[in-house]
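Colleague: sequence and computational prediction follow.
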Amino acid sequence: MITGTGKTLRGTVVSTKMQDTVTVLVTRFVKHPKYKKYIKRSKKYLAHAPATTLEVGAKVEIRETNPISKNKHFVIVV
């Protein structure tokens, strides 16, 4: 199922309530174009995690893959 290379992101698990799916919050810092200060930006991604025992708060790495469902385009990297 995991083929080729894709974007790799690191984040924190914020929800494990779905079957075989976890929600991962990825935080990044971007520089403001005018004021040159760094701003924290966050985004949630749905990631495929079959038969894993991840808990909320776990640090994980996710990798981009072919679409698994409508909103799920990432898998947990072991």
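Modeller: It's in.
Colleague: quick one: residues contacting the closest residue to Lys59 other than its chain neighbours.
Modeller: Sequence neighbours aside, Thr12 is the residue nearest to Lys59 in space, at 6.0 Å (criterion: Cβ to Cβ, 6 or more residues apart in numbering). (Glycine included, C-beta is placed from N, CA and C.) For Thr12, the contacting residues are Val24, Leu25, Thr27, Gly57, Ala58, Lys59, Val60, by Cβ atoms under 8 Å, 6 or more residues apart in numbering.
Colleague: what do you get for Ser15?
Modeller: Val22, Thr23, Val56.
Colleague: who wins for most neighbours among these?
Modeller: Val22 (25 neighbours; other Cβ atoms under 10 Å).
Colleague: low pLDDT regions in the chain?
Modeller: 1-4 (pLDDT under 70).
Colleague: repeat the analysis, applying 50 as the threshold.
Modeller: For the chain, no stretch has pLDDT under 50.
Colleague: can you map out the strands along it?
Modeller: Secondary structure of the chain (DSSP state E): strands located at 8-18, 21-31, 38-48, 59-64, 72-76.
Colleague: partners of the shortest one in the sheet?
Modeller: Meaning strand 72-76. Strand 72-76 sits in its sheet next to strand 38-48 (parallel), strand 59-64 (antiparallel), going by DSSP bridges.
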